[in-house]
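Asker: Turn this into a structure:
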Amino acid sequence: MTALTGHAPSGRALDTLAGQVSLETAGGAQMFNFNFGGIKGVSPQGESANYMTREVLGGQSVHLEQGFRAYGSLDAGARDYVAVLKTRFPEAFAKAAAGDVQGFAHALKAGHYYTAPESEYAAGLMAASGRGASAQGAIGVQPVPTNLPTTSELSRVLDALSATAARIADPDPTE
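Answerer: Residues are numbered from 1 along each chain as shown. All right, here's what the predicted structure looks like:
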C-alpha cells in the first residue's frame, strides 16, 4: 500500500482492508490465484479464472460462474487489489485509509463492488475487521473464537519451535 500511496497505512486502515479481504475470501479459504478482493474480470497481466460465486440479484441469492482476476504471485495480487480500490473506488479507498468501516462498506456499495445488502456486508466487515461485537447477521463471516491463546502461551510455543529448529539445524552429537 505504501508504494501506491506514498505513506504507510494506519493500523485501522490495515484492519479495514484485511477485514474486507477476509470477508471476500471466506477468511482466505477462497482466495484463489492470489485474488485478494474477489475482483472480477481480467488482471492487468491478462489472467482470469472462472469460479462459482454467490450474488444477490433481484433480491434473490443465486450461484453462478464468473471470471475473476488471477495473479502469478501474492505481491501482484496485493498490489492490484490496492490499485483497483484506489483507482476504481476512490471514495471507498479514502474511507478504508481513514479506518471508517461503515463508510467503506457504503462507498463500495455505491460503486457496485458487491451485490449483498449493505447492512449485511457492513456487519461482515465490522466483524472481520475486529470492530463488531459479533458476526451475527453478517455474510460469510464465522464467529471469532474466544478461546484463543494468550501472548505468553504463543511466546512459549514459538520458543519451543525455535529451540526445536535450532536442534535440527545443529544437532548435539551427545544426544
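Asker: Quick one: the strands in this structure, in order.
Answerer: 48-57, 60-69 (DSSP state E).
Asker: Can you give me the buried ones in the first one?
Answerer: It stands for strand 48-57. Buried residues in strand 48-57, counted by 16 or more other C-beta atoms under 10 Å: Ser48. Just so you know, the C-beta spots here come from the backbone N, C-alpha and C atoms, and that holds for glycine as well.
Asker: same check, this time on the last one
Answerer: Residues of strand 60-69 classed as buried under the neighbour-count rule (16+ other C-beta under 10 Å) are Phe68, Arg69.
Asker: Export only the CA atoms of that strand, formatted as PDB.
Answerer: Provided in PDB are the C-alpha atoms of strand 60-69 (Å, rounded to 0.1, in the frame of the first residue of the first chain):
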ATOM      1  CA  GLN A  60     -32.500 -13.300  -4.600                       C
ATOM      2  CA  SER A  61     -29.300 -15.200  -3.700                       C
ATOM      3  CA  VAL A  62     -28.100 -17.000  -6.800                       C
ATOM      4  CA  HIS A  63     -25.000 -19.100  -7.500                       C
ATOM      5  CA  LEU A  64     -23.300 -18.500 -10.900                       C
ATOM      6  CA  GLU A  65     -20.000 -19.000 -12.600                       C
ATOM      7  CA  GLN A  66     -18.000 -15.800 -13.100                       C
ATOM      8  CA  GLY A  67     -14.500 -14.800 -14.200                       C
ATOM      9  CA  PHE A  68     -12.100 -13.500 -11.500                       C
ATOM     10  CA  ARG A  69      -8.800 -11.800 -11.900                       C
END
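Asker: what angle do it and strand 48-57 make?
Answerer: Taking axes from the mean of the first three to the mean of the last three C-alpha atoms, to 10 degrees, one finds strand 60-69 and strand 48-57 inclined to each other by 160 degrees.
Asker: any weak-confidence spans in the protein?
Answerer: The chain contains residues with pLDDT under 70 at 1, 4-5, 133-175.
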